[in-house]
Structure formats: structure tokens, C-alpha cells
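Visitor: give me a model of this one.
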Amino acid sequence: GDWSLRFLLLTLAVTPLRRLTGWNGLQRFRRLLGLFAFFYVSLHFGVYLVFDQFFDWRAIVADIAKRPYITVGFAGWLLLIPLAVTSTGGMMKRLGRNWQGLHRLVYLIGALGVLHYLWLVKADLSEPLLYAGILALLLSYRLWWWRTHSATATRSTR
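Guide: From the prediction side, this is the model:
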């Protein structure tokens, strides 16, 4: 699960790092990082299905319904599926404007991943809180960027 969250946060860090450094070459790694995140989340879920639950589907459904940390982790994985499926250039063209709206789910997925980790850990919260801080920093930067640049665009059209 750790690498899932790391790749997800790295994916979210690409645009802010590109804007801050001017290094546009970072952009070409974003899709790959996102697909790595999906792969590791799927692997994490697969290990849970096979080695923790031994394919006991009733127990799995009960676990998802009963344990909030599993519920949010499962929800995050489900939301990642359409992002992975639509990550190709062809799907971007097919979905048009809707593609970007769909892929904004990544912010919610990041929050669900951090929440999953926070609720999972019983003792030392330092690592989940570090990830929560990184996510908060990345989302704050994006909010600041959106507010300052949409305000500039609005002023220039008046």
C-alpha cells in the first residue's frame, strides 16, 4: 500500500513541480506514474483478496462494509479503475472535455488513500500524517494556482 500512495502523490506532484521549476519534461511521466499507482493499488487489493481473505467473497464484502479503512480503500481503488482505463490518448480524444473532469477524481482518490492509511495505522501515525501533509500541500498549491489564475483571466476579460 505504501508504494501505491507514493506513486499517487508523485502523480499529483508533477504539475506543481513543472510549474515551479519550468521543467516541462516532467509532464511526460505523469501518466506512467498514475498507472504505477493503479498497478500498486490493484496489487495491494489482490494481496488482501488472496492472502488475507483467501477469496472468501462473503468475508470480503462483510469486511468492506464493516471496516471504514477498507471501505475507503476499496472506494479509492474503484475510482482509479476508470482513470486507468481512460488514460490512453485515444480515450482522451473520445471523452474530450469530460476526460479532464473524470481525471479530477484523482484528488478525491488521494484523500481516500491518505484516509485509508490513517485509519489503518494503530500506533505511530507519523508516516500517514506525513502523506496527509504532502497531499494537503499539493492540493493547497493547486487551489492557490486556480484562484490566482482564474482571477487573472476573469479580470483580463472585463
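
Visitor: mind listing what's buried along stretch 115-128?
Guide: 115, 116, 117, 118, 119, 128 (16 or more other CB atoms under 10 Å). The C-beta positions use only the backbone N, C-alpha and C, and glycine is treated the same way.

Visitor: format the residues you listed as CSV; extra columns: pLDDT.
Guide: CSV is the format used below for the buried residues of stretch 115-128 (pLDDT from 0 to 100):
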residue, pLDDT
115, 98
116, 98
117, 97
118, 97
119, 97
128, 96
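
Visitor: how far away is the nearest residue in space to residue 95 that is not next to it in sequence from residue 101?
Guide: In this structure, residue 95 finds its nearest non-sequential neighbour in residue 86, 6.2 Å apart by CB to CB, 6 or more residues apart in numbering. To residue 101, residue 86 is 11 Å away according to CB to CB, to the nearest Å.

Visitor: quick check on those two: which one has the bigger neighbour count.
Guide: residue 86 (16 against 10; other CB atoms under 10 Å).
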